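Everything below, folded, please.
(4 chains)
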2 protein chains.
Amino acid sequence: MTILDWTERFKGTAALPKDVRERLNKSARITHLKKGDQVFGPMNIPDSLFFLYDGRIRVSQTSEAGREIVLYRIEAGESCVLTTACMLAEEAYNAEGIAETDVTVVVLPKPAFDRLSSEEDAFRNFVFAAYSRRLIDLLRVVDDVAFGRIDVRLAERLLTLGDVLKEVRATHQDLASELGTAREVISRVLNDFQKRDLIEQSRGLITLKDKAGLEAIAHSA
Amino acid sequence: MTILDWTERFKGTAALPKDVRERLNKSARITHLKKGDQVFGPMNIPDSLFFLYDGRIRVSQTSEAGREIVLYRIEAGESCVLTTACMLAEEAYNAEGIAETDVTVVVLPKPAFDRLSSEEDAFRNFVFAAYSRRLIDLLRVVDDVAFGRIDVRLAERLLTLGDVLKEVRATHQDLASELGTAREVISRVLNDFQKRDLIEQSRGLITLKDKAGLEAIAHSA
DNA sequence: TCGGTTAGGTGACATTGTCACTGACGATCC
DNA sequence: GGATCGTCAGTGACAATGTCACCTAACCGA
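Numbering: from 1, shown residues only, chains lettered A, B, ... in the order given. As a prediction, this is how the structure comes out:
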């Protein structure tokens, strides 16, 4: 494939001197993954650092009983620190990353990572910032799960998933996995939303009819 | 006060060359805090790095409604990365650290931190490991809150809080704050435990009568 | 010992999670 | 077309947990 200069894509590398960037381009490997592929998981801990060049990765956690909750999403230009966390920590964990779209990943071997983070302040700060971002994300998840109502959380999530279009292509089970709850709960709440004319439903598709109304619910925490 | 060589206390600094450690001892400041003092919080974001020399810090999060949940504890020899996370991330958060005992803290100014983490691999790895540890801790919290039963979680927590002694000195409200639930819920579960002869209760004190029984509950997830 | 504060108990009810089952829809094959 | 199968969604009963209002008991300092 064509060799692309990924270093311009990341905050931590864009500002680096040209020679450093060229060195990086040599030592890093670029990988493509299909939508739905597992990027990492309990059985699949990479020994390298991941930087997401293009696409989106969904990081979720699954309980013993098989219920799932989405922790956060990695967008293009961000790095995936959880893999490194899992490398360092001995403890068992059960988070996994799934490619939500086709994905292009820059894989940086650990030696190159070490060298870079010792030599380049910008890069090191980028990595620290990535860690911080995830910590904050998880604080938010804890807050939502421990203290939030699901109608509020579902309204929020519908709005973020719908974004530009007013459509959310997801089954009730998908949404349950987003929020870490059961399908039946989602069904109940969605039916309530429908009765209130906030949404329209059809198989695997939800249409947002009243974004303002949903926002009112989302912010009524 | 007497100057103590804290650098031997931390994994990331103990192995450093003597001259580096001496430099550190000069640039860092040592602070003492009383039991119950706030180490950091939404209104009190330090601009330096914290290393816990002695004592224990409880990190918890509080909801809008005022309900609290304990995220993790920092033990002597560990660093407090959440403060740095909060420095870097712009977003609002509401975690705070409370000294659970009298506490001795090493405060390392950011310039010294930057220099150290660029020059010394051991130190940098120590910091990364600290971040990782907290990420994993939070994954566990998410798992517990989203998927765990409270009787299981309470049994676990009683065992860890009781540890050597068979006593837990905590009010029902304290335990509710540990697990992010309501006092009434704790009261109900404790009464159930008492009926089953697993514990004994008196005002502000719980005695573990049957650790094996509690462990059975704790592991019956 | 009085009075106030804090810890804990209780019942009614709301919300959320679980379970078992049903029907509805869409694809495919004959 | 119609039979069949798998996925998606709806439902009612019940269990677990959270909320609210209010009560009692224990402790503590004046």
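
Domain parsing of chain A, as residue ranges.
A:6-146, A:148-218 (automatic domain parsing).

JSON lines for those, including mean neighbour count and distance to B:Asp174?
The C-beta positions use only the backbone N, C-alpha and C, and glycine is treated the same way. Below are the domains of chain A laid out as JSON lines (neighbours: other CB atoms under 10 Å in any protein chain shown; distance: least, CB to CB, whole Å):
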{"stretch": "domain A:6-146", "mean neighbour count": "18", "distance to B:Asp174": "16"}
{"stretch": "domain A:148-218", "mean neighbour count": "16", "distance to B:Asp174": "23"}
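
from what I can see A:Gly162 touches A:Asp210, true?
No. With contact defined as CB atoms under 8 Å, A:Gly162 and A:Asp210 do not form a contacting pair (11.9 Å).

before we move on, the earlier item: would you reformat the domains of chain A as TSV and include mean pLDDT?
What follows is the domains of chain A, written out as TSV (pLDDT from 0 to 100):
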stretch	mean pLDDT
domain A:6-146	90
domain A:148-218	95
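
Is any residue of the top helix by length along chain A near DNA strand C?
Secondary structure of chain A per DSSP state H: the longest helix is helix A:121-147. No. With CB under 7 Å from any atom of the strand as the criterion, DNA strand C is not reached by helix A:121-147; the gap is at least 8.0 Å.

next helix or strand past that helix?
Next helix or strand after helix A:121-147 toward the C-terminus (DSSP states H and E): helix A:150-162.

now that next one, how far from the centre of its chain.
16 Å (CA atoms, centre = their mean, to the nearest Å).

cool, stretch A:145-153 as well?
The answer for stretch A:145-153 is 20 Å, by CA atoms, centre = their mean.

so who does the residue most central in space within chain A touch?
Note on chain A: the residue nearest the mean C-alpha position is A:Arg73, at 1.2 Å, using CA atoms, centre = their mean. For A:Arg73, the contact set (CB atoms under 8 Å, 6 or more residues apart in numbering or on different chains) comprises A:56-59, A:100.

Relative to B:Glu120, which of the domains of chain A is closest?
For the domains of chain A, proximity to B:Glu120 was assessed by CB to CB; domain A:6-146 is nearest, at 8.4 Å.

picking up where we left off before, can you list which of the contacts of A:Arg73 are found in helices?
With helices taken from DSSP H, there is no overlap with the contacts of A:Arg73.

Is A:Glu75 bridged to anything, and to what?
A:Arg56 (DSSP bridges).

Indicate the residue of chain A located nearest to DNA strand D.
Relative to DNA strand D, the nearest point of chain A is A:Thr171 (3.1 Å; CB to the nearest atom of the strand).

Please name the nearest non-neighbouring residue to that residue.
Spatial nearest neighbour of A:Thr171, excluding adjacent residues (CB to CB, 6 or more residues apart in numbering or on different chains): A:Gly204 at 5.3 Å.

my guess is the one you found contacts A:Gln173, does it?
No. Judged on CB under 8 Å, A:Gly204 makes no contact with A:Gln173 at a distance of 10.0 Å.

Helices of chain A, start to end?
A:11-14, A:18-27, A:81-88, A:110-119, A:121-147, A:150-162, A:172-179, A:183-195, A:211-218.

So A:Cys86 sits against A:Tyr93, correct?
Yes. Counting by CB under 8 Å, A:Cys86 touches A:Tyr93, with 6.0 Å between them.

Overlap in contacts, these two.
B:Ile136.

now, among the contacts of A:Arg73, which is nearest to A:Phe128?
Taking those together and measuring to A:Phe128 by CB to CB, the closest member is A:Val59, at 18.9 Å.

quick one: contacts for A:Arg115?
Per CB under 8 Å, 6+ apart, neighbours of A:Arg115: none.

okay, the contacts of A:Arg73 in CSV with distance to DNA strand C next?
Below are the contacts of A:Arg73 laid out as CSV (distance: CB to the nearest atom of the strand, whole Å):
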residue, distance to DNA strand C
A:Arg56, 26
A:Ile57, 25
A:Arg58, 20
A:Val59, 20
A:Glu100, 22
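
Check the residues you listed against B:Glu78 and report the nearest one.
A:Val59 (24.9 Å).

how about that closest one, what does it touch?
A:70-74, A:80, A:82, A:95-98.
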